[in-house]
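Peer 1: Return atomic coordinates for the entry below.
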Amino acid sequence: MKRTIAILLSYVLLMTCLGGCAHNTALGPENPVTLTMWHVYGSQTKSPLNDLINEFNRTVGKENGITINVESVTSSSAIDKALHASVNGEPGAENMPDLFTAYPRVVEFIGEEKLLSWNDYFTEKELSDFQKNFLSEGYFNEKLLMLPVAKSTEALYLNKTLFDRFSADTDVSVDDLNTFEGVFDVARKYYDWSNGQNFMQINDYYNFSYVGMKSYNSEFIRNGRLRLDDDAFESIWIPLAKTAIYGGICLEDGYAASRWKTVEIIANTGSTADVLYQPTEVIYSDNTTESIEAIALPYPTFTVDTAGAIYRGGGLFAVKNKDERKNQAAYIFAKWLTEKEHNLDFVTKAGYIPVTVETFDALFSDLSLIEQESYRSVYRAVGTMQENYTFYALPLYSGASDIQLSFEKNVKTVLTSAHSQYIKRVSNGENPTDVLNELVVTSLNELKQLSAEQGA
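Peer 2: Residues are numbered from 1 along each chain as shown. Predicted structure coming up:
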């Protein structure tokens, strides 16, 4: 394989130089290049991708004079902001990295012309190995600007140790968590059983709404606008709002895994990649600790007849460079990272889904390849979903990132306010059912108003 890549590389470099790039020299240890990189996979101290990059630098990278230098491991939103600052030349902004992971939305403000088209380097045969639905997200005007290297979907995580205690005292079971109707019913019962503790956190209300609307054969977004007046949105809002206002859903910002650690919640919906951060023990307010069993379940359904979930995760971008060596180096690294052995090693340590057909089939045909039970639980859930669910990619449209962030904030704002009002009014003697029903309606109207004011 290495010999084949080296031969192909030599041929491409020769053709490039004959085209008038004689000032660029061939890749090799005698002409080394360094590619800077920003990515989202893990943290600086716990990153499966960093481990793989170190392996690449020691082996194929060293043979070809390529070093990948990871400058930042952070969130996708932080990368968006940093890229935006770099593009606009804002004071104190970092230089654009040679490689970065992001969602397709960044192309809008970076510009297609500044990004490397991967299909100028990968052959048609190489690209045919990728899962088509993953690959299709990265095309812009026939240019493959975003290369999939790992994808994820969403699941429901559960602290089964504490749930089993709750279950023993009530009439609930894990089977009740198959649907959002059941999840919300359980959340309200847990709130009562635990004397006011939240059962769960929903990490992405935008994704929740998108899949929910699809489940009712409708669209959450049309022509770049949120369709909050649609009857289908009301159908998914009412049970969510009823539970959040009554109690049982955490509406604060921050990561669910942190709240697991301190037992502020015992469940959450989120990316399958969140398994990387799920704690194996919890700490109580009296500073005692306890080991827990955590499991992943398929993403809850909204209706009996439909099941769906979001395919999450961006992809790998490269900045087009005048030095052709850097473009070639980006290709060699990207090709190496998406090969079966390396991609399987990467995704199974981070809760992601492989991006090529061969690797995908290899993983789901033998889950014993996965060492940790918590990770096997994730892939069992994904396997169930793969058989029965429809998967959706979020639509790309102008201003999508800002609209998504605003929607998340607005949902939490109106529901937090409504929950506070509910507690106050009920404590003052008002009828709980009447107050709850009223606040469910007013919260929806407030959400619509906020979205309208923001042009969403």
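Peer 1: shaky segments in the stretch 1-150 of the chain?
Peer 2: 1-25, 43-45 (pLDDT under 70).
Peer 1: For it, which segments are assigned as strands?
Peer 2: Here the stretch 1-150 of the chain has its strands, by DSSP state E, counting those that start in this stretch, at 33-39, 66-73, 99-102, 139-140, 143-144.
Peer 1: Can you tell me which of those is most buried?
Peer 2: strand 99-102 (a mean of 23; mean count of other Cβ atoms under 10 Å). For glycine as for every other residue, the C-beta is placed from the backbone atoms N, C-alpha and C.
Peer 1: re earlier: closest one to residue 210 among the strands of the stretch 1-150 of the chain?
Peer 2: Proximity to residue 210, assessed across the strands of the stretch 1-150 of the chain by Cβ to Cβ, is greatest for strand 99-102 (19.6 Å).
Peer 1: Can you list the residue ranges for helices in the stretch 51-200 of the chain?
Peer 2: Ranges of helices within the stretch 51-200 of the chain are 60-64, 76-88, 107-110, 124-128, 132-136, 160-169, 180-193, based on DSSP state H, counting those that start in this stretch.
Peer 1: neighbouring strands for the next helix or strand after the longest one, and are they parallel or not?
Peer 2: Going back to what we said before, that points to helix 180-193. The C-terminal neighbour of helix 180-193 among helices and strands, as given by DSSP states H and E, is strand 200-202. Note on strand 200-202: by DSSP bridges, its sheet partners are strand 249-250 (parallel), strand 267-271 (parallel).
Peer 1: got the angle for the last one vs helix 160-169?
Peer 2: Think strand 267-271. Going by axes from the mean of the first three to the mean of the last three Cα atoms, to 10 degrees, strand 267-271 is angled at 140 degrees with respect to helix 160-169.
Peer 1: and strand 267-271, C-alpha only, in CSV?
Peer 2: Extracted C-alpha coordinates of strand 267-271, given in CSV (Å, rounded to 0.1, in the frame of the first residue of the first chain):
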residue,chain,number,x,y,z
ALA,A,267,-29.8,10.6,31.5
ASN,A,268,-29.3,12.7,28.4
THR,A,269,-29.7,12.7,24.7
GLY,A,270,-26.6,13.5,22.8
SER,A,271,-24.0,12.4,20.3
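Peer 1: Determine the longest helix present in this protein.
Peer 2: Longest helix in the chain, counting residues (DSSP state H): helix 400-427.
Peer 1: Tell me what angle that helix forms with helix 76-88.
Peer 2: Counting by the same axes, to 10 degrees, helix 400-427 lies at 140 degrees to helix 76-88.
Peer 1: buried residues in helix 400-427?
Peer 2: Across helix 400-427, burial judged by 16 or more other Cβ atoms under 10 Å covers 400-401, 403-404, 406-408, 410-412, 414-415, 417-419, 421-422, 425-426.
Peer 1: Pull out the buried positions in stretch 361-377.
Peer 2: Those would be 362, 363, 364, 367, 370, 374, 375, 376, 377, for stretch 361-377 by 16+ other Cβ under 10 Å.
Peer 1: Please tell me I have it right and the fifth one contacts residue 348.
Peer 2: Yes. Because the distance of 5.3 Å satisfies Cβ atoms under 8 Å, residue 370 is recorded as touching residue 348.
Peer 1: and for those two, which residues touch both?
Peer 2: Taking Cβ atoms under 8 Å, 6 or more residues apart in numbering as the contact rule, residue 370 and residue 348 both touch residue 379.
Peer 1: What segments of the stretch 151-300 of the chain are strands?
Peer 2: 154-159, 200-202, 221-222, 225-226, 249-250, 267-271, 281-283, 289-291, 294-298.
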